[in-house]
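Asker: Let's see this in three dimensions:
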Amino acid sequence: MLHYTLGERPATLAVDAILVSVGRAPNVEGLNLEAAGVTYSAEGVTIDDTMRTTNPNIYAAGDVALKTQFTHMADASARLALQNALFPGPKKKLSDLVVPWTTFTDPEVAHVGMYPDEATAAGIEIETFSKSLTEVDRSRTDGKTDGFVKIHVKKGTDQIVGATIVATQAGEMLNEITLAIVAGLGLKTLATVIHAYPTQSEAIKKVADGYNRTRLTPRIKRLFGAWLRWTRHGDAPTPEIGEKK
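Answerer: Numbering: from 1, shown residues only. Model (predicted):
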């Protein structure tokens with residue numbers, strides 16, 4: 001039995017097993033890093049934004065040097081460190097990497113980019129567009145409607161600054177948005193992508209369509225109506241539905 005507190009109310013939950021994660025610690029003992037002039041702490045080896053340690057001839061990558069201890073981040077940082085260490089030219093920066101992550105619960109929780117509070121702290125005004133999985137046919141068919149797709153864009157633009165997905169396949173779905181951020185593609189472009197039907201990733205297109213609808217302002221509606229009247233009837237007004245001409 002697992003005993004816990006929900007708010008101020010004690011509760012009990014029957015479980016088969018409890019998995020406890022105690023975290024990870026960098027293994028730097030016995031390397032004599034002091035002799036090499038490499039600074040480190042209990043959190044790991046100290047690096048700059050190019051993966052270089054306090055010894056300019058030594059680079060470090062992976063869990064021993066990163067705060068985000070993901071397998072895919074270790075791979076990405078190792079590639080960056082190799083490029084910076086072996087090849088001339090401008091150095092690639094760790095801070096420029098677009099890093100997605102997924103928590104493999106049921107449903108999964110996946111995120112990339114900024115959260116709203118992070119955008120606010122950076123002085124970036126955002127608009128948020130979201131879609132519940134209850135409005136996605138595949139999710140309804142599978143009976144997996146717990147979740148949503150939420151995408152943040154820079155206010156007044158379609159530039160994606162962050163996204164969170166909660167869904168059974170959130171980690172897979174997030175890759176599309178991560179690619180869009182890396183390639184500089186906005187919600188207007190995602191709205192033009194044909195998504196296979198029925199799939200959960202259709203929720204992303206629905207969010208993008210929601211953004212496009214905000215672009216149809218009252219002024220644009222009036223101009224569009226005037227253009228339709230001109231193309232169909234010259235200067236004659238467009239008749240109401242059911243009205244005889």
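Asker: And the residue minimising distance to the centre of the chain, which helix or strand is it part of?
Answerer: Among the residues of the chain, the one closest to the centroid is residue 112, at 2.3 Å (CA atoms, centre = their mean). In the assignment (DSSP states H and E), residue 112 maps to strand 108-113.
Asker: For that strand, which outside residues touch it?
Answerer: Residues outside strand 108-113 that contact it (CB atoms under 8 Å, 6 or more residues apart in numbering): 98-103, 152, 160-171, 173-174, 177-178, 181. Backbone N, C-alpha and C define where each C-beta goes, glycine included.
Asker: Among those, which ones are in strands?
Answerer: Secondary structure from DSSP state E places 101-103, 152, 160-167 of those in strands.
Asker: got the residue ranges for the helices in this protein?
Answerer: Taking DSSP state H to define them, one finds helices in the chain at 33-36, 71-86, 116-121, 137-142, 170-183, 187-190, 202-214, 218-233.
Asker: For residue 139, list the residues it contacts.
Answerer: 133, 145, 147, 167, 200, 203 are the contacts of residue 139 under CB under 8 Å, 6+ apart.
Asker: PyMOL command to pick out the buried ones of the ones in strands among the contacts of strand 108-113?
Answerer: Burial among the ones in strands among the contacts of strand 108-113 is assessed by 16 or more other CB atoms under 10 Å; the matching PyMOL selection reads:
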select buried, resi 102+152+160+161+162+163+164+165+166+167
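Asker: can you redo the ones in strands among the contacts of strand 108-113 as TSV with pLDDT?
Answerer: Below are the ones in strands among the contacts of strand 108-113 laid out as TSV (pLDDT from 0 to 100):
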residue	pLDDT
101	96
102	96
103	94
152	98
160	98
161	97
162	97
163	98
164	97
165	98
166	97
167	97
